[in-house]
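Student: below is the structure, and that's it, no one-letter string:
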């Protein structure tokens, strides 16, 4: 039995007389619709007639059972034809509602069987194709609903994460200004110390906003890559120099090593963001007294870049997901989980690839390779 939607569409197709199969739509015992094939079979247009008037009196009980609530789906009835002998007809009854039915008729005389059999076969193939299409459409609709629900969940997660990560640096700024305002005598040393705290909080918010804007730009479209000839080592050195005060405040050192020529074509601004995100991430996950190692090495036609820390590392089961949006790992949480996602997108736009591995000395090593200039 097809679903309601499939049954209604199939009935409409049969009533259009596409296959020449006799079809009657009966509501409250009255024939409301009948196609040309039904009129030819019954000898007169049936619309508006009582269905029992079309059936020989000897088949009235079978008709009542067929359209009853618990009757058989198929019954052979004697059709009363004006001026001719009754004709045995096999009726298939498909309920549309409590008092509405579709009757599909197939005459049983030898002159009808072969022709009707071919028509029923064609109609059945049509119904199968229709049912498959409706099932496919229903599956697509379910997928769209799931995608919309995932988008709604992602939006809620995004709002919660942004609110959480902006609150922390804002509280730091507020606390520093309150402490300065409560001191009776403010020395230069106090001013410098609290100014450094405010500056660190502002830098954290600026990095968060930069990642948000860049992530939105990368995900909204496939942007045209602004390229220039550059020395990747200089881009890395600038990022390390910018973050060195942040590392010193955390009690972490940074070492930069370059082996070979690192000339390439790419976006210095975007690649600078990659180094800034990876180094900042390494500082955040490193214990006091540890050293973040940044290494660039020319390997044939590629440049391999490694940013390694001495933190807890990244478990194997998290290494694929760690580059997804809004995914954070470890006990030291970063800015809403966008930094590594931005790194992956920028590296891929430069025809490179990025991965996370174990640091031989303990910790995590983020490794990405980019095409070097020939």
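Tutor: Structure's in. What do you need? Please read all numbers here as calculations on a predicted model, not as lab measurements.

Student: residue 138 versus the most centrally placed residue in the chain, what's the distance?
Tutor: The C-alpha lying nearest the average C-alpha coordinate of the chain belongs to residue 147 (C-alpha atoms, centre = their mean; 4.2 Å). Distance, residue 147 to residue 138, using C-beta to C-beta, to the nearest Å: 15 Å. Every residue, glycine included, has its C-beta placed from N, CA and C.

Student: try residue 324
Tutor: As judged by C-beta to C-beta, residue 324 and residue 138 stand 29 Å apart.

Student: what strand or helix carries residue 31?
Tutor: strand 30-34 (DSSP states H and E).

Student: which other residues reach that strand?
Tutor: Applying C-beta atoms under 8 Å, 6 or more residues apart in numbering, the set of residues contacting strand 30-34 from outside is 15, 22-26, 45-51, 54.

Student: quick check, residue 91 in contact with residue 104.
Tutor: Yes. Applying C-beta atoms under 8 Å as the test, residue 91 and residue 104 come out as touching, 7.0 Å apart.

Student: more neighbours: which of those two?
Tutor: More crowded of residue 91 and residue 104, by other C-beta atoms under 10 Å: residue 91, with 24 against 20.

Student: which ones are touching that one?
Tutor: Neighbour list for residue 91: 66, 74, 75, 76, 77, 103, 104, 105, 106 [criterion: C-beta under 8 Å, 6+ apart].

Student: go again with 10 Å.
Tutor: When contacts are counted by C-beta atoms under 10 Å, 6 or more residues apart in numbering, residue 91 is found next to 22, 24, 51, 55, 59, 62-63, 66-67, 73-77, 79, 101, 103-106.

Student: got it, and residue 347?
Tutor: Contacts of residue 347 were listed using C-beta under 10 Å, 6+ apart, and they are 266, 270, 271, 274, 305, 323, 353, 354, 355, 368, 369, 370.

Student: any quick PyMOL command for the buried ones out of those?
Tutor: Listed next is the PyMOL selection for buried residues among these, using 16 or more other C-beta atoms under 10 Å:
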select buried, resi 266+270+271+274+305+323+354+368+369+370
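
Student: so which of the contacts of residue 347 sit within strands?
Tutor: The strands in this structure, assigned by DSSP state E, contain 266, 305, 353, 354, 355, 368, 369, 370 from those.

Student: for the contacts of strand 30-34, which one is nearest residue 249?
Tutor: When these are ranked by distance to residue 249 (C-beta to C-beta), residue 15 comes first, at 80.3 Å.

Student: could I get the full set of helices for the chain?
Tutor: Using DSSP state H, the helices of the chain run over residues 4-15, 36-42, 60-66, 110-182, 188-220, 232-249, 268-285, 339-349.

Student: tell me which residues in the third one are buried?
Tutor: So that's helix 60-66. Buried residues in helix 60-66, defined by neighbour count with 16+ other C-beta under 10 Å: 62, 63, 66.
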